[in-house]
Structures are given as C-alpha cells and as structure tokens.
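Novice: Make a model of this:
(chains A and B)
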Amino acid sequence: MSADPLSRVFSALADPTRRDLVARLADGDATVRDLAQPYDMTVQAISKHLKVLEDAGLVTRSRQAQRRPVHLEADVLDLMTKWIERYRRNAEERYRRLDAVLDAMPDGTKPTPSTHTGDS
Amino acid sequence: MPTITRETQIIVDQKVPAVRIIREFDAPVAKVFRAHTDAALFAQWIGPRNNETHVEHFDCRTGGSYRYASRRKNFEAWFHGSFHEVRPSALIVQTFTFEGMPDGVALERLVFEDLGDGRTRLTATSLVDSFEDRDAFVASGMEKGVREGYERLDELLAR
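Specialist: All right, here's what the predicted structure looks like:
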C-alpha cells in the first residue's frame, strides 16, 4: 500500500463494497452489524473493509461507546472529491476549447499551413 | 477507483500511478487528431484559460519533439517532450515535462477512437513514476497548492 494519504484514500475507495459502505454511512452513523446486514458477508468481512476505510481516515469508530458506531469523516472524502473534480473541470474546460477549435476547422483533413485557422 | 462521470470522465487508477481522461467529441477522428498535431490549432486550446500558448517548435511525428510556453502576466512556464509514436487518426505516445521540475516526466498515451457518425472518443492516459507525483499532478489545479492540500489532509487524518 502506498504511504501517502491521498493514495490511501484512492485505494480504499477502489473497492465497490467499500464505496457502498461509504455511501450508506453518508446517511448517518451505523454499527458494523447494521452495515453487514444487506450483504452476503460475515460481520468479520465487513469489519476488514471498515479497517481499510479507517486506516485511510475515511471513517472513525468511537472507542467509548459500547455499540461503537462507525462515523464517516466527510471532510476527507470531500477533499479528495474536490481535488479530482477540480482536475476534471480543468480537463473539461480544455476540451471545450478544443470543441470550439474543431467547430471552426473546415471539413476535410488536408494539411494546412501552420498559420492561424478559425475562419473557413 | 473513484470515477466522476459528466462530460469529461476522469479515472484515477489505484494499481499504477496513472490518470485517465476520457472525452467524446462531435467531430470526425481525423479532425480531432489534427487539432493535436497542428501547432497553431494545438496552441488555441491547450490552455489553461487566460494563458497564451507560445510554441517554440512542434514536430508531431514519430521521433519528433515539442517545446512550448504557457504565459500570462508575470508568469511563464515551459514544457517539452518527445513524440515517441504518432499514428494518424489513431494514436499519439509522447513524453511531457514541466521544465520547472526537469527530473519529472509523464508518459502520455492518447488513443483516438472513431465512434462513427462523425464522433470521436479520446482516451488520454498520463503515467508518472510514483503515486506521490500522480497525486500532486491531480491536485495541481488546486489554488491552495499541493503542499497545503497535503497538510490539510494530514491534519484531517491525524484527528
């Protein structure tokens, strides 16, 4: 496993079960038993998944409470999502400029001298 | 892997330090390809926004190379790389280096797919040599900067 925090979050979320757990915890804290219920998996298997999410900082479990509900650390998830979304938005902006360039290009693919195009 | 699907799709791989960008265009594959190989066209869209792209040279063929600057007021960043493989309307494999970090290099693979009906899918994969570099790459668009981002993440993780 990679040591840097962002990679830990990325790889923790690489698994569909763990993504599903995160989505369910977004609705509120839940115990391991509650979380395990809809899956065809043992409580132990779910605990293993939660441990990976916990190591990545995505969830926490209170030490005191007897039921030890699992809590989603939404800030960590938000930060990663923001980073990716920002990167995606930059790419989308770039490709919208490319859309405009493609619109302005004449049809046919004859090589043109490398001066300015944009008019047809 | 976290995937956000809207117009441009981003896939942040967890097995190798790569980022994949997938986008479809309402233009035939030959046009999309040419917008990548013609320096004057390339300079019009590569951006980022508010920056002017000045191409020093751009020899987009197998074995060729490129160098360009991205400029705005009081700012200039140079980039260069080699075109490793250029296959018309199909593939561009190139390297990419920001000259401010000359030891860093990304291997970029651009696959052009003809979807028919004058549409094209472009899949651009950037591979770097560590997850730290990849994550810094993904985070590089953040105004607060990578360092601050990591500091904040460290703080959150330390709680």
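Novice: remind me which residues of the chain are low pLDDT?
Specialist: Unless you meant another one, I'm taking chain A. Residue ranges of chain A with pLDDT under 70: A:1-4, A:64-66, A:108-120.
Novice: Switch to chain B, please.
Specialist: Low-confidence segments of chain B, defined by pLDDT under 70, span residues B:1-6, B:139-159.
Novice: Repeat the analysis, applying 90 as the threshold.
Specialist: Applying pLDDT under 90 to chain B flags residues B:1-19, B:47-51, B:72-75, B:98, B:100-104, B:129-159.
Novice: Break down it into its helices, ranges please.
Specialist: Secondary structure of chain B by DSSP state H: the helices cover B:29-37, B:39-45, B:131-139, B:146-158.
Novice: Give me the helices and strands touching the second one, please.
Specialist: Meaning helix B:39-45. Counting contacts by 3 or more CB pairs under 8 Å, 6 or more residues apart in numbering or on different chains; DSSP states H and E, helix B:39-45 packs against helix A:74-104, helix B:29-37, strand B:52-58. Bear in mind the C-beta positions are built from the backbone N, C-alpha and C, glycine included.
Novice: Distance to B:V138 and mean neighbour count added to those, as JSON lines?
Specialist: Listed next are the helices and strands packed on helix B:39-45 as JSON lines, based on distance: least, CB to CB, whole Å; neighbours: other CB atoms under 10 Å in any protein chain shown:
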{"stretch": "helix A:74-104", "distance to B:V138": "5", "mean neighbour count": "18"}
{"stretch": "helix B:29-37", "distance to B:V138": "22", "mean neighbour count": "22"}
{"stretch": "strand B:52-58", "distance to B:V138": "22", "mean neighbour count": "14"}
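Novice: Pipe the ones you listed into TSV and attach distance to A:R67 per row.
Specialist: What follows is the helices and strands packed on helix B:39-45, written out as TSV (distance: least, CB to CB, whole Å):
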stretch	distance to A:R67
helix A:74-104	21
helix B:29-37	56
strand B:52-58	58
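Novice: which residues sit in contact with the residue nearest to A:E92 when sequence neighbours are not counted?
Specialist: Closest residue to A:E92 apart from its sequence neighbours, by CB to CB, 6 or more residues apart in numbering or on different chains: B:T8 at 4.1 Å. Contacts for B:T8 (CB atoms under 8 Å, 6 or more residues apart in numbering or on different chains) come out as A:R88, A:A91, A:E92, A:Y95, B:I21, B:I22, B:R23.
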